[in-house]
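>>> sequence first, predicted coordinates after that:
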Amino acid sequence: MLVRPLAMGKQLDSERTLGSLSVKTLNRIQHPILPWICWVIWKDRNSLIFENRSLSPEEIATKGLAMAREWNQAQIEEDQKKKTLPVPVSLTTQEQNQQNIEAIVWNTDAAWDKSRNKAGIAWIFKGTPDSGPKHGSTITDCVNSPLVAEALAVRASLYEAATLEFQNLRVYLDNSTLIGAINNKTRRKEIMRIINDIQRISSVFVSIVFFHISRKNNTEADSLAKSALANSIV
């Protein structure tokens with residue numbers, strides 16, 4: 001429970017460090033820098049918890065800027081292809097088949113423990129360049145509902161997808177309420193801030209589309225999330 005104040009303090013220190021950088025340096029990066037800084041802080045938090053290692057605010061700012069700069073350069077090399085925010089999921093079968101065959105197929109899910117306000121979140125990427133599926137999971141504290149847990153799962157896996165430099169994503173979720181919020185069809189106050197983060201991070205990809213699937217077709221991600229939550233019990 002000291003983790004949250006520490007992470008918040010690191011973010012403030014990192015923001016001060018960023019503020020000391022020249023405008024010229026920051027202007028070279030056309031895309032938002034904050035998601036990359038948050039991603040480095042999130043990874044540093046896990047390193048502190050599990051490995052007792054921590055980065056200084058200067059190192060966090062430097063790594064975040066380096067990642068943002070690399071992504072910005074990749075987009076320039078792609079001739080500044082038009083980027084799209086999530087689109088409505090009410091696509092016909094024909095339209096779905098027309099999606100880029102090289103797109104990464106991504107499933108994500110969350111498992112929530114009401115008694116501990118804790119969630120296990122997980123993601124699976126299939127169709128990656130090395131042909132093997134990539135998956136990951138983690139634990140998140142202070143989660144007050146299943147919807148918040150699933151929104152956090154999407155945000156965490158978006159950070160991971162950006163780190164892996166994926167460009168085209170097809171995202172499959174079993175929560176239609178969450179998809180509606182991402183696509184601006186519905187508004188849920190409890191996840192508005194997370195949805196804003198999801199939409200901002202989504203803008204770094206060439207294309208990203210969210211689809212709704214049934215829970216029975218999302219069992220792999222569900223099992224990973226439940227396993228992560230179960231393993232967190234001491």
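Noted; the coordinates are in hand.
>>> just how off-centre is the helix or strand containing Ile124 within its chain?
Using DSSP states H and E, Ile124 falls within strand 118-126. Computed by CA atoms, centre = their mean, to the nearest Å, the chain-centroid distance of strand 118-126 equals 10 Å.
>>> can you show me the strands along this structure?
Secondary structure of the chain (DSSP state E): strands at 104-113, 118-126, 134-141, 168-173, 207-212.
>>> and the angle for the fourth one with strand 104-113?
Here the directions of strand 168-173 and strand 104-113 differ by 30 degrees (axes from the mean of the first three to the mean of the last three CA atoms, to 10 degrees).
>>> by contact count, what packs against strand 168-173?
strand 104-113, helix 146-163, strand 207-212 (3 or more CB pairs under 8 Å, 6 or more residues apart in numbering; DSSP states H and E). C-beta here means a position set from N, CA and C on the backbone, and glycine is covered the same way.
>>> below-threshold pLDDT in the chain: ranges please.
Within the chain, the stretches with pLDDT under 70 are 1-32, 71-101, 129-132, 234.
>>> hang on, the earlier thing: the strand holding Ile124 vs strand 168-173, what angle?
For strand 118-126 against strand 168-173, the angle by the same axes, to 10 degrees is 140 degrees.
>>> what strands line up against strand 118-126, and which way round?
When pairing is defined by DSSP bridges, strand 118-126 lines up against strand 104-113 (antiparallel), strand 134-141 (antiparallel).
>>> of the ones you listed, which is nearest Leu178?
Across those, Leu178 has its closest neighbour in strand 104-113 (9.9 Å, CB to CB).
>>> what's that closest one in contact with?
118-128, 143, 145-146, 149-150, 152-154, 157, 161, 166, 168-174, 213, 218, 220-222, 224-226, 228-229 (CB atoms under 8 Å, 6 or more residues apart in numbering).
>>> please redo it, this time with the cut-off set to 6 Å
With contact meaning CB atoms under 6 Å, 6 or more residues apart in numbering, strand 104-113 is reached by 119-127, 146, 149-150, 153-154, 157, 166, 169-172, 218, 221-222, 225-226, 229.
>>> how near is Ile104 to Thr219?
Ile104 sits 19 Å away from Thr219, taking CB to CB, to the nearest Å as the criterion.
>>> of these two, which one has the most company?
More crowded of Ile104 and Thr219, by other CB atoms under 10 Å: Ile104, with 21 against 13.
>>> for the more buried one, which residues make a bridge with it?
Leu169.
>>> contacts only, for the spatially most central residue of the chain.
Central residue of the chain (CA atoms, centre = their mean): Leu158, 2.6 Å from the mean position. Counting by CB under 6 Å, 6+ apart, Leu158 touches Ile201.
>>> what about it, distance to Ser56?
26 Å.
>>> helices of the chain, residue ranges please.
3-19, 23-27, 34-51, 57-77, 93-97, 146-163, 176-182, 192-202, 219-231 (DSSP state H).
>>> picking that back up, is it possible to export the strands paired with strand 118-126 to CSV including distance to Ile60?
CSV is the format used below for the strands paired with strand 118-126 (distance: least, CB to CB, whole Å):
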stretch, distance to Ile60
strand 104-113, 25
strand 134-141, 18
